[in-house]
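In: no sequence for this one, just the structure:
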């Protein structure tokens with residue numbers, strides 16, 4: 001190690017040995033001591049030699065305000081690694097969903113083999129995309145397992161809009177979740193709604209406003225609202241957001 005430090009040959013020799021071994025299995029160097037004894041200079045020399053040897057160097061410096069915080073230095077060290085890991089996971093998702101049909105399955109499987117325990121939402125998105133791709137390839141039976149897993153995760157973490165997408169994909173794959181089933185004794189929408197009410201309910205489920213529904217059916221917005229007010233209790237629901245799932249039972 002070429003250095004301008006004077007009188008630190010023994011310490012520099014120890015650091016050189018640690019850096020040489022780091023190339024095999026990694027290594028950690030912790031320098032402690034009283035202020036003013038040259039710790040920063042030693043670490044700077046070690047960092048320069050490690051980088052010259054092709055090592056990736058992560059450095060953390062203790063500060064007095066964090067002295068009582070457990071693992072404060074470890075958090076500093078791992079932060080760049082965690083950011084890089086998250087980016088790698090998102091890139092693997094992008095590669096999978098953008099791949100052509102000849103390569104998509106290999107990309108999905110590679111992405112799902114990664115350690116995603118810290119990213120449940122990303123894993124569920126991958127499973128949803130993979131299950132949807134399998135269904136589009138007419139591999140209906142194969143598509144259900146990743147879709148079920150995605151739905152379970154979305155429900156657990158409260159990702160409602162994603163859960164609705166997963167349920168819709170499962171329905172398209174010929175499977176209904178428990179949330180799709182009407183309560184005992186509840187009739188199907190066709191049994192309880194008139195033809196006009198059913199039409200209004202379907203348009204509302206598509207996201208149309210009362211005014212837009214009225215323009216299509218030549219009704220006033222107030223009349224549409226009155227119909228919806230009567231439709232909800234007939235279907236056993238309380239809001240427009242529930243219409244899609246409830247009407248899905250009729251398809």
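Out: It's in. Please read these numbers as outputs of a predicted model, since none were measured by experiment.
In: C-alpha only now, for contacts and for neighbours.
Out: Fine.
In: Which strand or helix spans residue 89?
Out: Secondary-structure assignment from DSSP states H and E places residue 89 in helix 72-98.
In: Only the buried residues of the very next helix or strand once past that helix, if you could.
Out: Later in the chain than helix 72-98, the nearest helix or strand by DSSP H and E is helix 101-113. Neighbour-count burial for helix 101-113, with 16 or more other CA atoms under 10 Å as criterion, is recorded at 104-105, 107-108, 111-112.
In: Return the closest of those with respect to residue 53.
Out: Nearest to residue 53 among the buried residues of helix 101-113 is residue 111, at 31.5 Å by CA to CA.
In: Correct me if wrong: the closest one contacts residue 92.
Out: Yes. Counting by CA atoms under 8 Å, residue 111 touches residue 92, with 5.4 Å between them.
In: just so I have it, where are all the helices in this protein?
Out: 9-25, 39-52, 72-98, 101-113, 120-136, 140-157, 160-172, 189-192, 195-205, 210-217, 221-235, 243-248 (DSSP state H).
In: Which stretch among those is buried most, on average?
Out: helix 120-136 (a mean of 22; mean count of other CA atoms under 10 Å).
In: what comes into contact with it?
Out: Identification of contacts with helix 120-136 by CA atoms under 8 Å, 6 or more residues apart in numbering yields 89-90, 93, 97, 105, 108, 111-112, 116, 140, 142-147, 149-151, 153-154, 157, 166, 169, 173.
In: could you redo the last one with a cut-off of 7 Å?
Out: 93, 97, 108, 112, 116, 140, 142-144, 146-147, 150, 153-154, 166, 169, 173 (CA atoms under 7 Å, 6 or more residues apart in numbering).
In: what would the helices of the chain look like in TSV with mean pLDDT?
Out: Converted to TSV, the helices of the chain look like this (pLDDT from 0 to 100):
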stretch	mean pLDDT
helix 9-25	69
helix 39-52	75
helix 72-98	69
helix 101-113	89
helix 120-136	90
helix 140-157	88
helix 160-172	85
helix 189-192	77
helix 195-205	89
helix 210-217	90
helix 221-235	86
helix 243-248	82
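In: Residue 98 and residue 137: what is the separation?
Out: For residue 98, the distance to residue 137 (CA to CA, to the nearest Å) stands at 15 Å.
In: My error: substitute residue 143 in the last question.
Out: Taken as CA to CA, the span from residue 143 to residue 137 is 9 Å.
In: now do residue 163
Out: In terms of CA to CA, residue 163 sits 22 Å off from residue 137.
In: Residue 19 now?
Out: 52 Å.
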